[in-house]
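Asker: Curious how this folds, go ahead:
(2 chains)
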Amino acid sequence: MLKDLTQMSAGETGVIKELLGGRGFVKRIESLGIREGKRIKKISSQFFRGPQTIEIDNSQFAIGFGMAKKIIVEVDETK
Amino acid sequence: MKLNKILLMGNPNVGKSAIFSRLTGAKVIISNYPGTTVEFTQGRMKVGEETPMVIDVPGTYTLEPTCKAEEVAVEMLKEGDLVINVVDATNLERNLYLTLQLLERDIPVIIALNMWDDTKHKGIDIDVKRLEEFLKVPVVPTCGLSGEGIHTLIDRLPEANAPKFKFSSDKERWETIGKIVSSVQKITHRHHSFLENIEDLSVKPLTGIPIALGVIYLTFWIIRFLGEGLIKLLFDPIFENFWLPLMNKLSITLSENNFLHTILIGNLVNGKIEFGKSLGVLTTGLYVPLAMVLPYIFSFYLLLGIWEDFGYLPRLAVLVDNFMHHIGLHGYAIVSFILGLGCNVPGALAIRLLEGRREKFIAATLMAIAVPCMAQIAMIIGLLGARGGRYVLFIFTLLFLLLIIKGIILNKFLKGTSPELLLEIPPYRIPQMKALLKKLWMRLFSFLHEAVPLVLLGIIFINLLYALKIIDFLAQFFSPILTGLWGLPKEAISALLIGFLRKDVAVGMLSPLNLTTKQLIIGSTILAVYYPCIATFLVLMRELGIKDTLKSTMIMLITALSIGMVLNFFLP
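Answerer: This next block holds a predicted model:
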């Protein structure tokens, strides 16, 4: 199922399908290794539309809510 | 090949400074959070007969910079003769992006595959030989903190070369990286370690917020416990038992009321030397920085060092991000404020980590107004704490409220919005004792070396102004504000004057005035708010530019003027 990063719940995993937003944003976030095709795990989200924490490979990142909305993830099915 | 300048470049928090320190023997601050180095540091190393300059460049993810610290990094590239690209071995794929960009340039590169020791317990296996074949430059596994691999790195410097790769797009770069990584790296799956479980707990809000409150409370409790303990058990006894008898002898030899006595010993209070009040270079001038401030500086930086090296700061930034947006900033600005609690100068330098002019302005102004440095805090605790701990707590609450109110106002009236947080969170690492002590010593040394002379200078300066009757004139001139609006004796002008130089002595200057508790609260608050010390001011000028610094200063002065009035009016 496709979800944006803010809609994922903590512990969910998936693969990044698309980065919405302008070229500047995409370039910046890609240089961190957050890009299409990468496996991603949601770690936590802060209250009141706060930053979202994710894990890619061995790195963790905190991403502001608005930016996180632009990261679309194909979420793994859970049994 | 002639080597003049070697650049250490790499992603943030991959250990460039640790390697720099190994190569040059220079002492630099090393911590576990991205952006520890915001300014380039340089030192010399030995390669055979040559002693080239090594430059520790601030970390960057890309050669297309997104903030000031990254801009500095890219600018440096033009001047270098060789790049040591420091790569985090536990994050090969992400790190290789910058590596490829560097390999496209016309500059020789050698790669230090750092944090090599971490790969083993993370279940990562990298085939270094194959990686070399792909990248066509030497790759040397290193561990900056232990020094492993550094010799090999130096030995292989002459092999560095510039393969000048060509890529037409980012897509091609990432595809190449994908190919490299899948063929050189094997990852074995393993279970979460204990530290990793704590990592997760400290960024989940339900557990993270209580943890943060606990950390903050515990930290301040320990700082106070250590600071107070050191003063009572070590520094006060030394001054009372060893220094005072010496000073008494000197006082008799010089005889009171002579100019040299006034400068060196200061005024006698009821015929006796009082270290807190006499205002001589050898009495108050030494007692304030060494016996009142140093113990707190020591305890603060000890604790700060532990949290920095553990990797807690970025997590705190995530938790406070929401709150910080209300005051026009994002979470990472907390690093500025926390460093500012030690000394406003590094705090002001850390505003480079923030993206835009608006954020920098807000962060700098709020820090200058509402974040007193440890030297000032120690003096407030020393003077006001003697009258009751609740008064100290009152000042801190007041400053915190000022931070929020000023922040909300600035956020409302300045055009634009605060940018969003985008931050790499490093793994927790157990701090290493040796590195911790080294960093603590560097910070203490810089206090002794830079602050103490200023304190002494300030005391001499103020004594001269008294002798030349300039203080009397200024006191008269400003008495409508000092006495009329703030309810302070007009002699408090000396504290405000010295406050431009050092905030600790400035608070100390309030001591001989025999103020009431209310006056002491007002005086200390105004000294905290009205102006940063000269050292901070100079950094702000450089970071914000003259125009924004002047604007910021106006806000500080107006805030000081009004808060003094409000307190004078409302406090019983």
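
Asker: Which pLDDT value belongs to the residue of the stretch 401-550 of chain B at minimum distance from chain A?
Answerer: Nearest residue of the stretch 401-550 of chain B to chain A: residue B:420, at 2.6 Å (Cβ to the nearest Cβ). Any C-beta I mention is one placed from the backbone N, CA and C, and that applies to glycine too. The score at residue B:420 is 92. That number is its pLDDT.

Asker: measure the nearest residue in space to residue B:126 that is not next to it in sequence to residue B:228 for me?
Answerer: Closest residue to residue B:126 apart from its sequence neighbours, by Cβ to Cβ, 6 or more residues apart in numbering or on different chains: residue B:185 at 5.3 Å. To residue B:228, residue B:185 is 52 Å away according to Cβ to Cβ, to the nearest Å.

Asker: from the middle of its chain, how far away would the helix or strand of chain B with the lowest mean pLDDT be?
Answerer: None of the helices or strands of chain B scores lower by mean pLDDT, DSSP states H and E than helix B:68-77, at a mean of 79. Taking Cα atoms, centre = their mean, to the nearest Å, one finds helix B:68-77 lying 20 Å from the centre of the chain it belongs to.

Asker: do stretch B:33-53 as well
Answerer: In terms of Cα atoms, centre = their mean, the centre of stretch B:33-53 is found 20 Å from the chain centre.

Asker: likewise stretch B:395-410?
Answerer: The answer for stretch B:395-410 is 21 Å, by Cα atoms, centre = their mean.

Asker: Let me know the average pLDDT across stretch B:305-314.
Answerer: 95.

Asker: Any buried residues in it, and which?
Answerer: By 16 or more other Cβ atoms under 10 Å in any protein chain shown, the buried positions in stretch B:305-314 come out as B:305, B:307-314.

Asker: neighbouring contacts of that stretch?
Answerer: Stretch B:305-314 is contacted by residues A:62, B:30-34, B:36, B:202, B:215, B:219, B:332, B:334-335, B:338, B:423-432, B:435-436, B:439-440, B:443 when judged by Cβ atoms under 8 Å, 6 or more residues apart in numbering or on different chains.

Asker: Just the buried subset of those, please.
Answerer: By 16+ other Cβ under 10 Å, the contacts of stretch B:305-314 give A:62, B:30-34, B:36, B:202, B:215, B:219, B:332, B:334-335, B:338, B:423-428, B:431, B:435-436, B:439-440, B:443 as buried.

Asker: Quick one: name the residues of chain B near chain A.
Answerer: B:61-62, B:64, B:66, B:90-91, B:93-94, B:97-98, B:122, B:124, B:170, B:174, B:199-200, B:203-205, B:208, B:314, B:317-319, B:321-322, B:330-331, B:419-425, B:427 (Cβ under 8 Å from any Cβ of the partner chain).

Asker: quick one: contacts for residue B:18?
Answerer: B:30, B:114, B:144-145.

Asker: Tell me the secondary structure of residue A:17, please.
Answerer: Taken by DSSP: H, G, I helix; E, B strand; the rest coil, the conformation at residue A:17 corresponds to strand.

Asker: isn't it right next to residue A:72, touching?
Answerer: Yes - counting by Cβ atoms under 8 Å, residue A:17 touches residue A:72, with 4.9 Å between them.

Asker: Which of the two has more residues huddled nearby?
Answerer: residue A:72 (17 against 14; other Cβ atoms under 10 Å in any protein chain shown).

Asker: so what's that one closest to, chain neighbours aside?
Answerer: residue A:18 (4.3 Å).

Asker: Give me the neighbour count for that neighbour.
Answerer: With other Cβ under 10 Å as criterion, residue A:18 counts 14.

Asker: Likewise for residue B:393?
Answerer: 12.

Asker: and it, backbone torsions?
Answerer: Main-chain torsions, residue B:393, degrees, to the nearest 10: phi -60, psi -40.

Asker: okay, it: pLDDT?
Answerer: pLDDT, residue B:393: 95.

Asker: picking that back up, state the distance from the residue nearest to residue B:126 to residue B:390.
Answerer: Distance check for residue B:185 against residue B:390: by Cβ to Cβ, it reads 58 Å.

Asker: neighbour-wise, which of these two wins?
Answerer: Taking other Cβ under 10 Å, residue B:185 and residue B:390 do not tie; residue B:185 has more neighbours (18 against 10).

Asker: what residue ranges in the chain are flagged as low confidence?
Answerer: In the absence of a named chain, chain A is used. Across chain A, the ranges flagged by pLDDT under 70 are A:79.

Asker: You answered for a different chain; I wanted chain B.
Answerer: Applying pLDDT under 70 to chain B flags the ranges B:1-2, B:67, B:69.

Asker: What about the contacts of stretch B:305-314, which are in strands?
Answerer: Secondary structure from DSSP state E places A:62, B:423-425 of the contacts of stretch B:305-314 in strands.

Asker: Now for residue A:17 and residue A:72: what residues contact both?
Answerer: By Cβ under 8 Å, 6+ apart, the residues touching both residue A:17 and residue A:72 are residue A:2.

Asker: With secondary structure as extra columns, can I get the contacts of residue B:18 in a markdown table?
Answerer: Formatted as a markdown table, these follow (three-state DSSP):
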| residue | secondary structure |
| --- | --- |
| B:30 | coil |
| B:114 | strand |
| B:144 | coil |
| B:145 | coil |
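
Asker: Going by neighbour count, which of the residues you listed comes out on top?
Answerer: residue B:114 (29 neighbours).

Asker: so it makes contact with residue B:15?
Answerer: Yes - Residue B:114 is in contact with residue B:15 according to Cβ under 8 Å; the separation is 4.6 Å.

Asker: any residues in contact with both of these two?
Answerer: B:86, B:88, B:144.

Asker: Pull the contacting residues for the second one.
Answerer: The reference is to residue B:88. B:10-11, B:13-15, B:94-95, B:114-115.

Asker: just the first one next, same as before
Answerer: If a contact means Cβ under 8 Å, 6+ apart, then residue B:86 has B:8-10, B:14-16, B:19, B:111-112, B:114, B:144 as its contacts.

Asker: Write a ChimeraX command that selects only the buried members of those residues.
Answerer: A single ChimeraX command selects the buried members of these (16+ other Cβ under 10 Å):
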select /B:8,9,10,14,15,16,19,111,112,114,144
